[in-house]
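1. Could you work out the structure for the sequence below:
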Amino acid sequence: MRIGMLLNGSYPADIRVRKEAETLAKNHDIFVLCKKTFEEKSFEIVNGVHVVRKIEYKSLAHEGIIDVLTAINFIHPYFKKETASFIEENNIEALHVHDLPLAKTALKFIEKYNLKSVLDLHENYPAALITWFAWRRNPIIRLKNKLLFGYKRWSNFEKKIIKKYGVLIAVVDEMKQRLINQYGVDENRVVVVPNTEKKEFAQNFDIKTTNYFTGLEDKFIISYVGGFGTS
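-> Now for the predicted structure:
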């Protein structure tokens, strides 16, 4: 199958998307429509994944403006412009959409071209908005976030849009249960794909071949892999 992915981010920098795409590429033809920075190529094949970079922002401020415009009607203007040609030029049969903000934009093309559909929810997006914007103190920014990026607004949008997708991907079992309990989603429509490292990652922590754990050979070690943010 020829699967198209929509990603409002950089590839292969987005590790979760990269792991999914490379895994799918073992049995399918995978094409990713994503962001392009000045130094990146417009097209290249990365580990069997066809990367099409056509979404360009002039700066972080420009990207922020587009995010605001997208939040008004849940339609991303750049993906709206590029997705049709992406589908037609690559003979896409299924569209795998990464995260909630692109869901409505993608749905228009899924319906137009009668494509199979997957909505990949990287996190509880409505709840994440609360955390992401909690530290902002500028009154104008806080008003903007309250009007366009409030929990209730995006939760209502999530409730409506997920019903229109064939398959939903959740990152953990708890999120799958949230979709089932909160929105009444059929559990058979939700697939859990944990954001875990590949098995090969464990080789980096082999006590016999690394010096990370010198003197700790007899200790029980727990490793955290990830980042930290405001809470």
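
2. Only alpha carbons, please: show the helix or strand bottoming out on mean pLDDT in the chain as CSV.
-> One helix or strand of the chain scores below all others by mean pLDDT, DSSP states H and E: helix 139-148, with a mean of 74. In CSV, the C-alpha atoms belonging to helix 139-148 read as follows (Å, rounded to 0.1, in the frame of the first residue of the first chain):
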residue,chain,number,x,y,z
PRO,A,139,-2.3,39.4,28.8
ILE,A,140,-2.7,39.5,25.0
ILE,A,141,-1.2,36.1,24.6
ARG,A,142,-3.3,34.7,27.4
LEU,A,143,-6.4,36.1,25.8
LYS,A,144,-5.5,34.6,22.5
ASN,A,145,-4.8,31.2,24.1
LYS,A,146,-8.1,31.4,26.0
LEU,A,147,-10.1,32.1,22.8
LEU,A,148,-8.4,29.8,20.4
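
3. Give me the helices and strands touching that helix, please.
-> The contact analysis (3 or more Cβ pairs under 8 Å, 6 or more residues apart in numbering; DSSP states H and E) places helix 139-148 against helix 60-73, helix 125-133. The way it works is simple: take the backbone N, C-alpha and C, and place the C-beta from them, glycine included.

4. low-scoring stretches of the chain, by residue?
-> The model of the chain has pLDDT under 70 over residues 134-136, 140, 198, 200-213, 225, 229-231.

5. so what's the spatially most central residue of it bridging to?
-> Centroid-nearest residue in the chain, with Cα atoms, centre = their mean: H98, separated by 3.5 Å. H98 has these beta-bridge partners by DSSP bridges: D120.

6. Also V167?
-> V118.

7. burial of the nearest residue to E22 once chain neighbours are set aside, as a residue count?
-> Nearest non-adjacent residue to E22, counting by Cβ to Cβ, 6 or more residues apart in numbering: N47, 5.2 Å away. When counting by other Cβ atoms under 10 Å, one arrives at 11 neighbours for N47.

8. now do L7
-> L7: 24 neighbours (other Cβ under 10 Å).

9. Quick check: which of the helices and strands packed on helix 139-148 is nearest to R2?
-> helix 60-73 (26.6 Å; Cβ to Cβ).

10. what's downstream of that closest one, the next helix or strand?
-> Moving toward the C-terminus from helix 60-73, the next helix or strand (DSSP states H and E) is helix 77-89.

11. List the buried residues for that next one?
-> Counting neighbours by 16 or more other Cβ atoms under 10 Å, one finds that the buried residues in helix 77-89 are Y78, F79, E82, T83, F86, I87.

12. shouldn't A25 be in contact with V49?
-> Yes: A25 lies in contact with V49 (Cβ atoms under 8 Å); the separation is 5.2 Å.

13. related to what we said a few turns ago, just send the helices and strands packed on helix 139-148 back as JSON lines, with mean neighbour count and distance to L107 too.
-> Formatted as JSON lines, the helices and strands packed on helix 139-148 follow (neighbours: other Cβ atoms under 10 Å; distance: least, Cβ to Cβ, whole Å):
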{"stretch": "helix 60-73", "mean neighbour count": "13", "distance to L107": "13"}
{"stretch": "helix 125-133", "mean neighbour count": "16", "distance to L107": "16"}
